[in-house]
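**Student:** Below are the sequence and a predicted model for it; my questions follow.
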Amino acid sequence: MKVRRIPVYCSFAALSFMAAGATFAQSDTAHIAVDATNAGTPLRHVWEYFGYDECNYTTSPGGVTLMKTIDSMFPEPVHIRTHFLLNTGNGVASLKWGSTNVFSEDSSGNPAYNWTILDGIMDTIVHCGCLPLVEISFMPQALTTGTGAYRNSSVTALDGACFYPPNSYPKWGDLVAAWAAHSTSRYGAIDTTWLWELWNEPNGSYWHGTVAGYDSLFDYTEYNLHSVLPDASLGGDDNANASDAFMQSFVAHCTTGTNACSHGKGTRLDMITFHAKGGTAIVNGNVQMDMGNQLALAKSGFSLAASYATDKNKPIIIGEADPDGCAACPIPQYPANAYRNVPAYGAYEVAEMKYTLDLATEVGINLKGVLTWAWMYDSMPYFAGYRTLSTNGIQLPVLNAFKMLGKLGPTRLPLTSTAAIPLDTVVKSSIRGTNPTIDGLAAKNDSETQVLVWNYHDNLVTVTPAPVRVKVTFPASSPSRVRLNHYRMDTTHSNAYTAWLAMGSPQSPTAAQLSQLTTAMQLQLLDSSSMVTLDSNHTVTIAFSLPRFGVSLITLDNPAVSAVRSGAALSPTTRSGAQIRIGFRDITVTGTDYTVGIMDVRGRKVAEFKGNGATHYPLSQLHGKGVYLIKVYEGGRTEVTRMVRE
């Protein structure tokens, strides 16, 4: 038998996932039922939030590419959060560090603002189609009360003077007001689109001050931000543990405390933000994750908000929601993080998102976002084991799990699974028993029904795949056939890491190898697209095998939506009375007092126009190739046409 030596930077990932442990299997079939006859309920896409420590990676080529990719994955603009936006420094990216050199003082103590580096960061976010979730932090060197070294002494130390309170709260407030004024001058009406929050994890080493000191910082921040942007949403306190006294004291201060800036009662708090992390360990030689801990922390924050009548309906953003607590801690030094390069990361994310949505409904709070703290690092080895979404431009398998989430429509459909582990059980004891949770999330939009299915367990051990049967029931009025697409992320699908290992783990891949990795990293179909027939009960049943940590997305074209291809020169007469002709170069609509909306397949509007008579819309104005929905509204009636632009 030939033995190949695996480099240290990938050995833990390979061994932890493939090593033989206490092997077990679920032999019973998991039956999943989806009711597509139901009107459904709104599905908030809480996963459209991402963040990272190092603000200066935003403008690197890899950062720009990743941000554009993420923007293309979701129907709504993604919010981006990052640390160190007010730090003093030269703007060079480094692990767990960043700077913009925004603020300094002249010899007379007067403020001097330099927005150059910060503008570059915000310009990139906005120009990539995303929106900032602005973290107002940390303390500029000219304002800090810290007397030691300004920068951290190491990647894992949070001992720099940038984490101290200001030497003047009014000057801090002036800085916030200046930043808000500069932003609205540069970017226009941002009051209702940008989100703002103060600091990061002040209950830990990011804040070398008191609870009262943070409350005062929030008071001055709130007053000055809203003096410029009165409709802006400001949140706090982005605590690492919503159950501790720090966050409880902060929420109480905002409700009934004395405002240090206005001297009135309480402080305006628009959003409640906190963090919820899981945890990883090596148990019996294998990686063990802890989804239950993350959900328990989320429940603590939800319950705290619900305990205040004034806060129960305020939006909540989990400002960092991840399987472990340190993105910059790589696998070679932290082998318990070996889930990161393999499908387990993606399966964890989709399962955790569904459980968190259900938890928010159970507690009765307004969940706005669940932010993934993972990005990319420049000049690192391929698949080095950091918590990232891409490595040297090659996307990790977890990103394909997010691509699947991005394909879900805005309406959630009822779904049941005989192999799902209940939410209460997971919160109390995580997923550590004999069986995994095999569960799903179903949704729909105007063009199709989607069913996302996963197989997840906390223990990264080798098991046999599970048999799954998904049954979708359509309305009785549906046509007899629908188009089926089945996407898959697992060890052998949508997985550049497996392809890289098979190449021998090259750190200087050839052009041919990079091409292969680029192909392997894409979201892939398990089987070719096909037409399937509804049975006499108007149902479709899809049977398949789902490996541990595999994630499947099944899409079924809405039978009520017709499909044509650009260039087909078709002139279908719509039920609204208008006529649509789709040619090689344009769309021609003929009718009376109609409105036409064009959306991409994720439901995001890309164009809208009105007409009376004939109107020609050039296809060159659409954003590239792909599937588009053309909606024509005329006389109170609507017709939807599905166009594939090739």
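**Tutor:** Nice, I can see it. Numbers count the residues shown, from 1 in each chain.
**Student:** Can you verify Tyr628 is assigned to a strand?
**Tutor:** Yes. Secondary structure of Tyr628 (DSSP: H, G, I helix; E, B strand; the rest coil): part of a strand.
**Student:** For it, name its beta-bridge partners.
**Tutor:** Under DSSP bridges, the beta-bridge partners of Tyr628 are Asp600, Met643.
**Student:** Give me the helices and strands touching the strand or helix carrying Arg81, please.
**Tutor:** Taking DSSP states H and E as the definition, Arg81 sits inside strand 79-82. Based on contacts counted as 3 or more C-beta pairs under 8 Å, 6 or more residues apart in numbering; DSSP states H and E, the elements that strand 79-82 packs against are strand 49-52, strand 131-136. The C-beta positions use only the backbone N, C-alpha and C, and glycine is treated the same way.
**Student:** Try it again at 10 Å.
**Tutor:** Counting by 3 or more C-beta pairs under 10 Å, 6 or more residues apart in numbering; DSSP states H and E, the packing neighbours recorded for strand 79-82 are strand 49-52, helix 61-73, helix 116-127, strand 131-136, strand 195-198, strand 315-322, strand 366-370.
**Student:** What residue, apart from its backbone neighbours, is nearest Ser60 spatially?
**Tutor:** Counting by C-beta to C-beta, 6 or more residues apart in numbering, Ser60 lies nearest to Asp378, which is 5.3 Å off, once chain neighbours are set aside.
**Student:** my guess is the one you found contacts Thr58, does it?
**Tutor:** No. Proximity of Asp378 to Thr58 does not meet the contact threshold set by C-beta atoms under 10 Å, at 11.3 Å.
**Student:** Compare neighbour counts for these two and give me the winner.
**Tutor:** When Asp378 and Thr58 are compared on other C-beta atoms under 10 Å, the one with more neighbours turns out to be Thr58, at 25 against 14.
**Student:** where along the stretch 251-400 of the chain do the strands fall?
**Tutor:** Here the stretch 251-400 of the chain has its strands, by DSSP state E, counting those that start in this stretch, at 271-277, 280-283, 286-289, 315-322, 366-370, 372-373, 390-391, 394-395.
**Student:** ugh, typo on my part, it should be the stretch 401-550 of the chain
**Tutor:** For the stretch 401-550 of the chain, the strands defined by DSSP E, counting those that start in this stretch occupy 411-413, 415-417, 437-444, 448-456, 466-473, 481-489, 524-525, 530-533, 539-546.
**Student:** Identify whichever of the ones you listed lies nearest to Gly209.
**Tutor:** Between Gly209 and the strands of the stretch 401-550 of the chain, the shortest separation by C-beta to C-beta is 39.8 Å, and it involves strand 448-456.
**Student:** Now distance to Gly213, mean neighbour count and mean pLDDT too, for the strands of the stretch 251-400 of the chain, in JSON lines please.
**Tutor:** Supplementary listing: these in JSON lines, determined by distance: least, C-beta to C-beta, whole Å; neighbours: other C-beta atoms under 10 Å; pLDDT from 0 to 100:
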{"stretch": "strand 271-277", "distance to Gly213": "19", "mean neighbour count": "27", "mean pLDDT": "97"}
{"stretch": "strand 280-283", "distance to Gly213": "33", "mean neighbour count": "16", "mean pLDDT": "98"}
{"stretch": "strand 286-289", "distance to Gly213": "36", "mean neighbour count": "25", "mean pLDDT": "98"}
{"stretch": "strand 315-322", "distance to Gly213": "20", "mean neighbour count": "25", "mean pLDDT": "98"}
{"stretch": "strand 366-370", "distance to Gly213": "27", "mean neighbour count": "21", "mean pLDDT": "98"}
{"stretch": "strand 372-373", "distance to Gly213": "25", "mean neighbour count": "24", "mean pLDDT": "98"}
{"stretch": "strand 390-391", "distance to Gly213": "38", "mean neighbour count": "23", "mean pLDDT": "98"}
{"stretch": "strand 394-395", "distance to Gly213": "42", "mean neighbour count": "24", "mean pLDDT": "98"}
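**Student:** Would you format these as JSON lines with distance to Asp446 included?
**Tutor:** Converted to JSON lines, the strands of the stretch 251-400 of the chain look like this (distance: least, C-beta to C-beta, whole Å):
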{"stretch": "strand 271-277", "distance to Asp446": "31"}
{"stretch": "strand 280-283", "distance to Asp446": "41"}
{"stretch": "strand 286-289", "distance to Asp446": "37"}
{"stretch": "strand 315-322", "distance to Asp446": "27"}
{"stretch": "strand 366-370", "distance to Asp446": "24"}
{"stretch": "strand 372-373", "distance to Asp446": "28"}
{"stretch": "strand 390-391", "distance to Asp446": "32"}
{"stretch": "strand 394-395", "distance to Asp446": "29"}
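**Student:** all helices of the stretch 101-250 of the chain, in order?
**Tutor:** Remark: helices assigned in the stretch 101-250 of the chain by DSSP state H, counting those that start in this stretch are 116-127, 169-187, 211-228, 245-256.
**Student:** can you give me the angle the longest one makes with helix 116-127?
**Tutor:** Taking axes from the mean of the first three to the mean of the last three C-alpha atoms, to 10 degrees, one finds helix 169-187 and helix 116-127 inclined to each other by 50 degrees.
**Student:** From the contact counts, what lies against helix 169-187?
**Tutor:** strand 103-105, strand 111-113, helix 116-127, strand 131-136, strand 195-198, helix 211-228.
**Student:** Give the buried residues for it.
**Tutor:** Using 16 or more other C-beta atoms under 10 Å as the test for burial, helix 169-187 gives 169, 171-180, 182-184, 187.
**Student:** now it, how far from the centre of its chain.
**Tutor:** Relative to the chain's own centre, helix 169-187 is displaced by 28 Å; criterion: C-alpha atoms, centre = their mean, to the nearest Å.
**Student:** now stretch 358-373
**Tutor:** For stretch 358-373, the gap between its own C-alpha mean and the chain's C-alpha mean amounts to 13 Å (C-alpha atoms, centre = their mean).
**Student:** Start and end of that stretch, how far apart?
**Tutor:** 21 Å (C-alpha to C-alpha, to the nearest Å).
**Student:** related to what we said a few turns ago, and of the helices of the stretch 101-250 of the chain, who's closest to Gln395?
**Tutor:** It's helix 116-127; of those, that one is closest to Gln395 (C-beta to C-beta) at 19.0 Å.
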